[in-house]
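A.B. asks: can you look at this prediction? I've put the sequence above it.
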Amino acid sequence: TLGDTNLQQLVRLPYDIQRQQVSLQIAGFANLLIQQDPLPDTINDMPGYYSIVNKREDYLQTISLLQGLIDTNTVQILRIAGDVDDLNVQLQQVRDDMSSQNAYQNGLNGVLANILGEFDNRKFIRQVTNNTFDDYNPQISDDGSVVWYGFDGTDSEIYIYGGTPAAVSQITNNSTDDYEPRINSRGDIVWYGYDASGYEPEIYLYEASTGNIIQLTDNTIYEYNPKISDTGDIVWYGWDTTSYDYEIYLYDASSRAINQLTDNTVYDYEPQINGRGDVVWYASDALEGDTEIYFYDALSRTISQITYNATEDYSPMINANGDIAWYGYDAGNDFEIYLYNASTLLISQVTDNTTHDNNPMISDNGDIVWTAWDATYSDSHIYLYDASVPSIKLLSDDTTNYDSNPRINGNGDVIWTGWDNASEGYKIYLYDALSATLSPITGNLPSSEGDYAQQINDNGDIVWAALDITDYDSEIYLYAGPAASVIPLTTNTTDD
């Protein structure tokens, strides 16, 4: 601090030196006087006596002046020491004020961070497309990129919404139809499109890393509905014009090779793939005339039959762990939901009721969501199987009818389409797993068509298609946060 003893000593140093020098001079003269003692009887007998006396008077006067200067500076030093104490008090007050201001600033920063965080968590609806042509079947990746196919006035093309800032880009630009795009977390896109002849569908891949479009197949097989994993592996089914049945095909992204997984005389349908490259599908059973579930293990590169029964099994879905959910007849009475546990290798019947349970979706946590129609197919509702309990929960309520096409993400959030009895239009509904609450995402003016083809990613962003009754075409809508460059709810004349 300013009152430190070292600082006071530093201020006094030049005066202490002067005092020491004067003291040395006085001591010198004292020694001289001693050496000349005893004095002679008369002044005249002592040579230089008057000179010595005069010099001594001068030195005494100088000593007196220096002593006065020392006394004055000593007083000033003591005054400075007192001022330093006051200054230290003021300095501490300043420090206390700065600490209070820093605490206030930190508190303010915390409030601002909470506000920004809350804003980031808020989601809004944006109309992604606005044209006079139909846009269909949107899909969304976890980074919020959206792909779909839309009519350009001549044929169907593939489009993407994404980037920074987010904008719509056209992926394909040709004279043939392109359909059913799928996108993975890397931004790779796969779809099927007709070749130059316009009659034969082939599989195409857009590589996000290079920006190039690659035609994966070029043959006489009719290939449909490709699915892509996050590692870039692709699976699809195609009509074999030789054996006249559908087979399953797999594109290995690491080797860039296409492998035919099945080669038989039965129909193999709707393959699905997970991040490990495992594939699941259902196929007709040539012996019993029903359909069974089949599984391709990417690690062992082997195919195994999951179900063995005399009833129909359909639409298997697989998660990252290899768990499989599907729906099938329970002895021919009604459809039920089934689960294959990849850890135990056991099959369990999830539902056992008199409703028709179908089209299940399974999350990586093992939660399953599906549509259940009543016995007369006059109404349907959405159910959730919570794998952690385990238990089954009814998600939709009596304010809606014809609830269908549920989708579930990795957090357990569920969306579906339901008919709003009040406004008489289809809306998108969201079940928030964290708060266990249900709320409609869309719905403005009544529409005979409404919202459909909804998808949700792990961030809770939702995309769907809706009828624009101004132009009577289908448009793409996105429900997402500020990171997706969305804007607040738009006002229009559609159920969006």
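C.D. replies: Noted; the coordinates are in hand. Numbering: from 1, shown residues only.

A.B. asks: now Asp461: closest residue in space that isn't a chain neighbour?
C.D. replies: Counting by CB to CB, 6 or more residues apart in numbering, Asp461 lies nearest to Ala480, which is 4.0 Å off, once chain neighbours are set aside. The C-beta positions use only the backbone N, C-alpha and C, and glycine is treated the same way.

A.B. asks: so that neighbour makes contact with Ile456?
C.D. replies: No: the pair Ala480 / Ile456 is not scored as a contact, 10.5 Å apart, by CB atoms under 8 Å.

A.B. asks: those two: which has the busier surroundings?
C.D. replies: More neighbours surround Ile456 than the other of Ala480 and Ile456, with 25 against 22 (other CB atoms under 10 Å).

A.B. asks: tell me the spacing between Thr164 and Asn457.
C.D. replies: Separation of Thr164 from Asn457 (CB to CB, to the nearest Å) stands at 17 Å.

A.B. asks: confirm that Ile26 sits in a strand.
C.D. replies: No: Ile26: not assigned to a strand; according to DSSP: H, G, I helix; E, B strand; the rest coil it is helix.

A.B. asks: do you know the pLDDT at it?
C.D. replies: For Ile26, the pLDDT comes out at 74.

A.B. asks: so it sits against Ile63, correct?
C.D. replies: Yes: look at Ile26 against Ile63 with CB under 8 Å: they come within range, at 6.4 Å.

A.B. asks: mind jotting down where the strands sit in the stretch 1-150 of the chain?
C.D. replies: With DSSP state E, counting those that start in this stretch as the criterion, the stretch 1-150 of the chain has strands at 124-127, 135-140, 146-151.

A.B. asks: the host helix or strand of Ile428 packs against which elements?
C.D. replies: Using DSSP states H and E, Ile428 falls within strand 425-432. In this structure, strand 425-432 packs against strand 400-408, strand 414-420, strand 437-440, strand 451-456, strand 462-468, with contacts taken as 3 or more CB pairs under 8 Å, 6 or more residues apart in numbering; DSSP states H and E.

A.B. asks: if we use 10 Å, what do you get?
C.D. replies: In terms of contacts (3 or more CB pairs under 10 Å, 6 or more residues apart in numbering; DSSP states H and E), strand 425-432 is packed against strand 380-386, strand 400-408, strand 414-420, strand 437-440, strand 451-456, strand 462-468, strand 473-480.

A.B. asks: possible to save those as TSV with mean pLDDT and distance to Trp148?
C.D. replies: Formatted as TSV, the helices and strands packed on strand 425-432 follow (pLDDT from 0 to 100; distance: least, CB to CB, whole Å):
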stretch	mean pLDDT	distance to Trp148
strand 380-386	96	24
strand 400-408	91	16
strand 414-420	92	17
strand 437-440	92	23
strand 451-456	93	9
strand 462-468	91	8
strand 473-480	92	6
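
A.B. asks: most neighbours per residue, which of these?
C.D. replies: Highest mean neighbour count among the helices and strands packed on strand 425-432 (mean count of other CB atoms under 10 Å): strand 462-468, with a mean of 26.

A.B. asks: and the angle from it to strand 473-480?
C.D. replies: 150 degrees (axes from the mean of the first three to the mean of the last three CA atoms, to 10 degrees).

A.B. asks: my read: Arg19 touches Gly68, true?
C.D. replies: No: using CB atoms under 10 Å, Arg19 makes no contact with Gly68, being 11.6 Å away.

A.B. asks: contacts only, for the residue lying closest to Thr400 once chain neighbours are set aside.
C.D. replies: Nearest residue to Thr400 in three dimensions, chain neighbours excluded: Gly418, at 3.5 Å (CB to CB, 6+ apart). Counting by CB atoms under 10 Å, 6 or more residues apart in numbering, Gly418 makes contact with 380-382, 396-397, 399-406, 426-429, 440, 450-451.

A.B. asks: rerun at 7 Å
C.D. replies: Ser396, Thr400, Tyr402, Asp403, Tyr426, Lys427, Tyr429 (CB atoms under 7 Å, 6 or more residues apart in numbering).
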